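Trainee: sequence first, predicted coordinates after that:
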Amino acid sequence: MHVIRISFLLLFFLPALHAQSDLERMLFDLEGVVFRQIETPEGFESAWELKIKQPLDHQNPDKGSFYQRVFLSHRNMDAPVVLVTEGYQRPANRIYELTRLAGGNQIQVEHRFFGASVPDSVDYSLLNASQFTADLHRINELMKEIYPENLRLSTGISKGGMTTLFYKYFYPDDVDVAIPYVAPVILDFKDPRIYDFLDTVGTDECRKKIVDFQRQMLERKDDLLPLVKWYSKGADLAFDRLGLEGAFEYAVLEYSFSFWQWGHDCEAIPGRGASDDELLAHFLEISNVDFFSDAIIDGYAPFYYQMGTEMGYYGYETDAFPGLIDALEKEPSAVFMPEGHEPAFDPALTVKLYNWLRESGERILYINGGWDTWSATRMIPSPGVDALVIDLSHADHRKARIAQMTAEQKALVAATLKRWAGLEIQITE
């Protein structure tokens, strides 16, 4: 067994020839783990890329296995452990805000069936919350051999934050505190709360400018599509899945969602006198047709499968554009299932998650941006549940972070983490 493991290690993850550290010896002793040392982030003692052998099916290990990519950033043996639950691929090591604030070690886990964490043949039926949370549980158990009694925190951003919440639901005792950032809890295949948000966010004037811009794009489609075609040729984009016109219409409908998610400026929206070039330049900055190209849709196939079966997503309202949508159905879905699969969304799990978080999910700190479209589906625990929700009123999906909080919010976060876990964090102004 050790001969095989050593050969695999030498072939793929040959570390520098130097005296083994204690951590290196511990890593070598972990079952089903191969590793290589990587560049050490500032403030840490060492960093490692791990490949951890996981069952394809945790309930039936005989179905085979795959290797899951994990980055370990080691500060010291006594520091808290921050488990970062990614929602997508993670091609390189990155230190999260919570890790720096907590002075922690970090274990960053690429999501099952994304990036390098993909088996030779993907069985999408095994891409579900039961399986990906079991991946995290096994990694947590392995890391206890290195950090047996350390305080444990979990965190993730966006879909990574959703992963944090599912993990907390399936394994509530694995971590002491969970801190999801901008994490939606979606209850339907096309969650109507998104529509309600887009109808009320910001000012009446700004929302009117957004709809008017979308209408302009559709009214001038015949003039704009040739420009989009040349842009697509230059960017080497293909649209066999949706067609160029379909991708264009999708991107126009996506504009309002993307505008608020990423915190754009209402004053920058071109008015009725704008040229085609001005319209298109603004449009591509906010809601690029790239997102609806074959390469992006195929690249996000695992994501769309999860959204279309178990996690839910959103759609687009078209009532504001009568007679202007030609290539799409009324209120189309934003889910593009992998080839050979049809949407088969079952809300049972997300409803269970929602109810559990609302009534029983304690020691969870939710961080949301008030201008982020995904805040429409943010979690609000029931009164009496020992959880904390921090809404940053004018923050978008990218800026809803502890560093951007008010002084009062930062003080509340620090006091809450100390009460929950005895964790002392230093949040600078």
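Mentor: On my side now, so go ahead.
Trainee: please make it C-alpha for all contacts and neighbour counts, starting now.
Mentor: OK.
Trainee: what about stretch 100-111, start to end distance?
Mentor: 22 Å (Cα to Cα, to the nearest Å).
Trainee: can you give me the mean pLDDT across that stretch?
Mentor: Averaging pLDDT along stretch 100-111 gives 98.
Trainee: likewise for stretch 212-231?
Mentor: Stretch 212-231 shows an average pLDDT of 97 in the prediction.
Trainee: repeat for stretch 248-260
Mentor: 98.
Trainee: ok, the spatially most central residue of the chain - contacts?
Mentor: With distances taken as Cα atoms, centre = their mean, the residue of the chain nearest its centroid is Lys159 (2.6 Å). Lys159 makes contacts with 86-88, 183-184, as judged by Cα atoms under 8 Å, 6 or more residues apart in numbering.
Trainee: what's the following helix or strand after the helix or strand Leu153 falls within?
Mentor: Taking DSSP states H and E as the definition, one finds Leu153 inside strand 152-157. Under the assignment DSSP H and E, the closest C-terminal helix or strand after strand 152-157 is helix 159-170.
Trainee: next, the buried residues of that next one.
Mentor: 159-169 (16 or more other Cα atoms under 10 Å).
Trainee: the following helix or strand past it to helix 159-170, inter-axis angle?
Mentor: Using DSSP H and E, the helix or strand that follows helix 159-170 in sequence is strand 177-181. If you take axes from the mean of the first three to the mean of the last three Cα atoms, to 10 degrees, strand 177-181 sits at 150 degrees to helix 159-170.
Trainee: list the helices and strands strand 177-181 packs on?
Mentor: Secondary structure elements in contact with strand 177-181, counted by 3 or more Cα pairs under 8 Å, 6 or more residues apart in numbering; DSSP states H and E, are strand 152-157, helix 159-170, strand 365-369.
Trainee: do you know how far Ala129 is from Pro347?
Mentor: 13 Å.
Trainee: give me the common contacts of the two.
Mentor: Both Ala129 and Pro347 are contacted by Glu310, under the criterion Cα under 8 Å, 6+ apart.
Trainee: quickly list the domain ranges of this structure.
Mentor: 2-187+349-421, 193-311 (automatic domain parsing).
Trainee: looking at those domains, which is closest to Met337?
Mentor: Nearest to Met337 among the domains of the chain is domain 193-311; the distance by Cα to Cα comes to 5.5 Å.
Trainee: distance between the ends of that closest one?
Mentor: End-to-end distance for domain 193-311, by Cα to Cα: 15 Å.
Trainee: so how far is that domain from its chain's centroid?
Mentor: Averaging C-alpha positions (Cα atoms, centre = their mean, to the nearest Å) puts domain 193-311 20 Å from its chain's average.
Trainee: report the longest helix in this structure, please.
Mentor: Among the segments of the chain that qualify as a helix by DSSP state H, the longest is helix 243-261.
Trainee: between that one and strand 365-369, how many degrees?
Mentor: Using the same axes, to 10 degrees: helix 243-261 against strand 365-369 is 110 degrees.
Trainee: for helix 243-261, list every residue counted as buried.
Mentor: With burial defined by 16+ other Cα under 10 Å, the residues of helix 243-261 counted as buried are 244-261.
Trainee: could you tell me the least trusted of the domains of the chain?
Mentor: Taking the mean pLDDT of these, domain 2-187+349-421 comes last: a mean of 94.
Trainee: give me the distance between that domain and the centre of its chain.
Mentor: The chain centre lies 11 Å from the centre of domain 2-187+349-421; the measure is Cα atoms, centre = their mean.
Trainee: between the domains of the chain, which gets nearest to Ala320?
Mentor: Using Cα to Cα, the nearest of these to Ala320 is domain 193-311, at 7.6 Å.
Trainee: still on that earlier bit, need the helices and strands packed on strand 177-181 in CSV with distance to Gly384, can you?
Mentor: Output for these, formatted as CSV (distance: least, Cα to Cα, whole Å):
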stretch, distance to Gly384
strand 152-157, 22
helix 159-170, 18
strand 365-369, 14
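Trainee: can you count the residues close to Gln37?
Mentor: By other Cα atoms under 10 Å, 17 other residues sit near Gln37.
Trainee: give the next helix or strand downstream of the helix or strand containing it.
Mentor: Using DSSP H and E, Gln37 maps to strand 33-38. Next in sequence after strand 33-38, counting helices and strands by DSSP H and E, comes strand 46-55.
Trainee: which strands or helices does that next one pack on?
Mentor: So strand 46-55, by 3+ Cα pairs under 8 Å, 6+ apart, packs with strand 33-38, strand 65-74.
Trainee: neighbouring strands - and their directions - for it?
Mentor: Pairing partners of strand 46-55, with direction, according to DSSP bridges: strand 33-38 (antiparallel), strand 65-74 (antiparallel).
Trainee: mind listing what's buried in the helix or strand containing Leu136?
Mentor: In this assignment (DSSP H and E), Leu136 forms part of helix 129-143. For helix 129-143, the buried set under the neighbour-count rule, 16+ other Cα under 10 Å, comprises 129-137, 139-140, 142-143.
Trainee: turn those residues into CSV, including distance to Ser333.
Mentor: Shown next, in CSV, are these (distance: Cα to Cα, whole Å):
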residue, distance to Ser333
Ala129, 22
Ser130, 25
Gln131, 26
Phe132, 25
Thr133, 27
Ala134, 30
Asp135, 30
Leu136, 30
His137, 33
Ile139, 35
Asn140, 36
Leu142, 40
Met143, 40
